[in-house]
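sequence and predicted structure below; questions after.
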Amino acid sequence: MKIIKNKTIIEDDWQVLRLDNQETTDNVTVAAGKIIVPLEVWQTQRDTLQQRENIGVWLASDERPEALKDDLQKFAVIAIDFPKFADGRGYSIAYNLRSRLGYTGELRAIGDVLRDQLFYMYRVGFDAFSPRPDRNIEDALKGFSDFSEVYQTSFDQPTPLFNRVKRKGNSAVGLINE
Amino acid sequence: MYRYDEYDQQIVDERVKQYRDQVRRRLANELTENEFLPLRLQNGLYMQVHAYMLRIAVPYGLVSSKQMRIFSHIARKYDRGYGHLTTRQNIQFNWLKLEDTPDILADLASVEMHAIQTSGNCIRNITSDEYAGVAQDEVVDPRPYAEILRQWSTFHPEFAFLPRKFKIAISGGREDRAAILAHDIGLSVIKNAQGEIGFRVFVGGGLGRTPIIGNEICEFVPWQHALTYVESILRIYNQYGRRDNKYKARIKILVKALGIDEFRRQVEEDWAASKDGPATLTQEELDRVASFFTDPNYESLPDTNSTLNEFKADNRSFSNWMQRNVKPHRVPGYAIVVLSLKKQDVAPGDATAEQMDKVADLADRYSFGECRITHKQNLVLADVKQSDLISLWQEANTYDLATPNIGLLTDMISCPGAEFCTLANARSIPLAQLISERFDNLDFQHDIGEIALNISGCMNACGQNHIGNIGITGVEKKNHDEWYQVSIGGSEGNDSSIGKIIGPSFKFHQVPEAIDRLLQVYLRERIEAERFIDTVRRIGLKPFKEHVYATDFEVEPEETLSKKEVAPAQYTIPFYSPRF
């Protein structure tokens, strides 16, 4: 499967484990290989899962990144699920994971991930994106270049525009009706 | 006023390009309507009953004459020759085609304007005092802070998909003229005992289905920390605000559920991590932005004008206008003029292209080329020489901009209502017109004095019915019949309060009579110069209620019974809403 990482399209073999109706966090068998498991599966099967070489975890939009506070180094990837693209909790989860908890590994957006949100996602700290499979992934890449400048700080830009560049005051800009 | 530098311009130009491509993808069906919807909303584009409606951001209500002329151009070229001023100091156009909207945004960008975040579940256009910078009671000019907040909120990556819309208002006068207690965040710029500037911060106010007056969350946030503090409020809200029910998704519900103390604790815990960080506002940036809001070249003038007084004595309508539409200015010899857009037979807040051009012209000649949109849907010329008042009045009069009714009964706030809006239960504008007709007599209006009558077509309360001294709300009833609830006792400003419903609702044609009966009680009970709201507060709801419902109302006259069939026929373009 293809994903976007560091703004380029790459092949990726991570599988996202989503529980079906019969499965519970303690009875589900986590297959071998590179698997991104739900937070609750991680919490239930932590003892066995943390032995594994390649393990990832994903957070639902109503889960807290602080739940991973002591485990951050154990994951090759942390993913945040967007159940609907209009559910914006994932942005604050990502920001908190990066800026407050200091997570430095791969942070992947999964679920309803669409071109027009990638710019915002990138800003709050996502560096990997798994766009919805029915959409053209090359097209999605264009989402990163919508804007070349931003006003406010976020994870990608710790300095606000007013402290980064010399901005013009009234005397340098002139009156609007001229 | 603020002017774009190359960074502001680039961001807005890139937005036009991005939006143009989104519209292209929608028209090519690469985006579904569901996917396009939040994108167009964040650009102020609604699909209404008859056509697309575009809401243009007017930051804190300030407009230059050049920008006003672009509005008239849009009205003529893309709309039906008029625009509508909103209660959040914006302007909207109601009859647009989707295909034209990218070009409209390009026209707006050419005069440093946009429609960014005028709708959608994001931080909306920041509103402020319409007399900012010129009011006599001003403590601190709020405009530089409003502009700084505008920039901070523009495309904030973390808060583009909040649980619900988010409105911030900021005021710097002793009297609050921006209804800050009815906003998600209300900021009052103040000076502390040491003379330092900061913000008294209120949170969780709002109207809509659950009207609540904002709670104080912090009594003094130093100005340097305004952005980080507000950001922490948003971060808590974004994570914990309800998303399961859109009617319970505003921040006021979260604040109520947690309690203000627990909400404050969470905000301050988050704030501890960003306070004093790199986003802290600097003196240099404040000075830069404030440099755009320095005084224009005021002349030294005497504060009395004998010609004016003589003319006033001889001319009743001019003296009425002086009394209602002209407000004191902090600079001697100057005055603030409110141009009324409330006139019988015209929808409250509608301005024609000709009126817009005239206002631009008046602004150029009498008020340093600037005007303001008020949250009561009028226009303000903020810096008029007192010696120009007579000629300004004469010119404004010929364009129907001088109705002497500011603050009076016919200076109503009204939402667009069911003829335009897909949310509304009932019509607002025709009701406003019916009320205007009934109380057309100016002497009667002046006798009643200050009163705020606010009309909304549904409980979403865009017409701010809850804070009207008299509030009218369209309610849902069987058979699409139009019914209206009437409340009294609401008010905005320092003594904000939420109105109380007086009793069973009224049919369309009964509303003016119900208002008349309320006014009869007021005239009977008032003491000296007491305003309507003061009387309501003093004697309570009961006498009003008793009198209004004491006798029967007339049955609906037959000629209006079939109005449901008539309503759509007055519009000539096909419309696609199954509403009527």
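On my side now, so go ahead. Numbering: from 1, shown residues only, chains lettered A, B, ... in the order given.

contacting residues around whichever residue of chain A sits closest to chain B?
Proximity to chain B, evaluated over chain A using Cβ to the nearest Cβ, is greatest for A:Gly88 at 2.8 Å. The way it works is simple: take the backbone N, C-alpha and C, and place the C-beta from them, glycine included. Taking Cβ atoms under 8 Å, 6 or more residues apart in numbering or on different chains, we find A:Gly88 in contact with B:Asn121, B:Glu158, B:Phe159, B:Ala160, B:Phe161, B:Leu162, B:Pro163, B:Asn238.

now it: closest residue in space that isn't a chain neighbour?
Distance criterion Cβ to Cβ, 6 or more residues apart in numbering or on different chains; nearest residue to A:Gly88, sequence neighbours excluded, is B:Phe161 at 2.8 Å.

the one you found should be in a strand, yeah?
No: under DSSP: H, G, I helix; E, B strand; the rest coil, B:Phe161 falls outside any strand and is assigned coil.

could you report the neighbour count for it?
By other Cβ atoms under 10 Å in any protein chain shown, 23 other residues sit near B:Phe161.

list the contacts of it.
Counting by Cβ under 8 Å, 6+ apart, B:Phe161 has contacts A:Phe85, A:Ala86, A:Asp87, A:Gly88, A:Tyr91, A:Gln117, B:Pro38, B:Asn121, B:Cys122.

ok, it to A:Arg132 distance?
16 Å (Cβ to Cβ, to the nearest Å).

what does B:Lys256 give?
In terms of Cβ to Cβ, B:Lys256 sits 36 Å off from A:Arg132.

do the same with A:Val113
If you go by Cβ to Cβ, the gap between A:Val113 and A:Arg132 works out to 6 Å.

secondary structure class for residue 29?
I'll assume chain A. Relying on three-state DSSP, one would call A:Thr29 coil.

wrong one, I was asking about chain B
B:Asn29 is classified as coil under three-state DSSP.

how about the contacts made by it?
Applying Cβ under 8 Å, 6+ apart, no residues contact B:Asn29.

tell me how far stretch B:518-533 lies from the chain's centre.
Stretch B:518-533 sits 27 Å away from the centroid of its parent chain (Cα atoms, centre = their mean, to the nearest Å).

who touches stretch B:251-268?
By Cβ under 8 Å, 6+ apart, stretch B:251-268 touches B:164, B:166, B:184-185, B:203-206, B:210, B:212, B:214-218, B:229, B:232-233, B:236-237, B:240-242.

need the contact list for B:Tyr46.
Contacts of B:Tyr46 by Cβ under 8 Å, 6+ apart are B:Arg40, B:Tyr52, B:Met53, B:Leu54, B:Arg55, B:Ser119.

tell me what the host helix or strand of B:Phe318 is packed against?
Using DSSP states H and E, B:Phe318 sits within helix B:316-325. Where contact means 3 or more Cβ pairs under 8 Å, 6 or more residues apart in numbering or on different chains; DSSP states H and E, helix B:316-325 is packed against helix B:306-314, strand B:334-339, helix B:389-398, helix B:442-448.

for those, which has the smallest mean pLDDT value?
Of all the helices and strands packed on helix B:316-325, mean pLDDT reaches its minimum on helix B:306-314 (a mean of 89).

neighbours around B:Ser367, how many?
24.

which helix or which strand is home to A:Ile36?
strand A:35-38.

residues in the stretch 301-450 of chain B within reach of chain A, list them.
B:Asp364, B:Gly369 (Cβ under 8 Å from any Cβ of the partner chain).

tell me, how many residues neighbour the residue of the stretch 301-450 of chain B found nearest chain A?
Chain A sits closest to B:Gly369 of the stretch 301-450 of chain B, with a gap of 4.3 Å, by Cβ to the nearest Cβ. Taking other Cβ under 10 Å as the criterion, the count of residues near B:Gly369 is 21.

which residues are in contact with the lowest-mean-pLDDT helix or strand in chain A?
Scoring the helices and strands of chain A by mean pLDDT, DSSP states H and E places helix A:170-173 at the bottom, with a mean of 80. Identification of contacts with helix A:170-173 by Cβ under 8 Å, 6+ apart yields B:Arg3, B:Tyr4, B:Asp5, B:Ser291, B:Phe292, B:Thr294.

residues contacting the last one?
This means B:Thr294. A:Asn170 are the contacts of B:Thr294 under Cβ under 8 Å, 6+ apart.

I'd guessed B:Ile126 sits against B:Ser153; true?
Yes: at 7.0 Å, B:Ile126 counts as touching B:Ser153 under the criterion of Cβ atoms under 8 Å.

the nearest residue to B:Pro504 once chain neighbours are set aside: how many residues sit nearby?
Among residues not flanking B:Pro504 along the chain, B:Tyr549 sits closest, at 7.5 Å (Cβ to Cβ, 6+ apart). Neighbours of B:Tyr549 under the rule other Cβ under 10 Å: 14.

do you know how far B:Tyr549 is from B:Val111?
53 Å.

with B:Arg372 instead?
For B:Arg372 relative to B:Val111 (Cβ to Cβ), the value is 16 Å.

mind checking which of these two has more residues around it?
Legend: neighbour count by other Cβ under 10 Å for B:Arg372 and B:Val111, higher for B:Arg372 (27 against 18).

what segments of the stretch 401-550 of chain B are strands?
Per DSSP state E, counting those that start in this stretch, the stretch 401-550 of chain B carries strands over the ranges B:413-414, B:453-456, B:470-475, B:483-488, B:500-501, B:506-507.

what's the second one packed up against?
It stands for strand B:453-456. strand B:413-414, helix B:429-438, strand B:470-475.

now do 7 Å
Here strand B:453-456 touches strand B:413-414, strand B:470-475, going by 3 or more Cβ pairs under 7 Å, 6 or more residues apart in numbering or on different chains; DSSP states H and E.

let's have the ones you listed in JSON lines, adding mean pLDDT and mean neighbour count.
As requested, these are exported to JSON lines (pLDDT from 0 to 100; neighbours: other Cβ atoms under 10 Å in any protein chain shown):
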{"stretch": "strand B:413-414", "mean pLDDT": "93", "mean neighbour count": "28"}
{"stretch": "strand B:470-475", "mean pLDDT": "96", "mean neighbour count": "27"}
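
mind checking which of those is nearest B:Lys246?
Closest approach to B:Lys246 among the helices and strands packed on strand B:453-456 (Cβ to Cβ): strand B:470-475, 18.7 Å.

extract the C-alpha trace of that closest one and format it as PDB.
Extracted C-alpha coordinates of strand B:470-475, given in PDB (Å, rounded to 0.1, in the frame of the first residue of the first chain):
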ATOM      1  CA  ILE B 470     -38.300  42.600  23.000                       C
ATOM      2  CA  GLY B 471     -37.300  39.300  21.400                       C
ATOM      3  CA  ILE B 472     -39.200  37.500  18.700                       C
ATOM      4  CA  THR B 473     -38.500  34.000  17.600                       C
ATOM      5  CA  GLY B 474     -40.100  31.900  14.900                       C
ATOM      6  CA  VAL B 475     -41.100  28.500  16.300                       C
END
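
which ones are touching A:Ile3?
By Cβ atoms under 7 Å, 6 or more residues apart in numbering or on different chains, the contact set of A:Ile3 is A:Ile10, A:Asp12, A:Ala128, A:Phe129, A:Ser130.

got the residues of chain A near chain B?
For chain A, the contact set with chain B under Cβ under 7 Å from any Cβ of the partner chain comprises A:86-89, A:91-92, A:95, A:100, A:114, A:116, A:120, A:123-124, A:146-154, A:158-163, A:165, A:167-171, A:173-174, A:176-177.

and the contacts of A:Ile3, which are buried?
A:Asp12, A:Ala128, A:Phe129, A:Ser130 (16 or more other Cβ atoms under 10 Å in any protein chain shown).

taking those one by one, which sit in strands?
Counted as lying in strands by DSSP state E, out of these, are A:Ala128, A:Phe129.

kindly present the buried ones among the contacts of A:Ile3 as a markdown table, with separate columns for distance to A:Arg46 and pLDDT.
What follows is those, written out as a markdown table (distance: Cβ to Cβ, whole Å; pLDDT from 0 to 100):
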| residue | distance to A:Arg46 | pLDDT |
| --- | --- | --- |
| A:Asp12 | 25 | 96 |
| A:Ala128 | 23 | 98 |
| A:Phe129 | 27 | 98 |
| A:Ser130 | 24 | 97 |
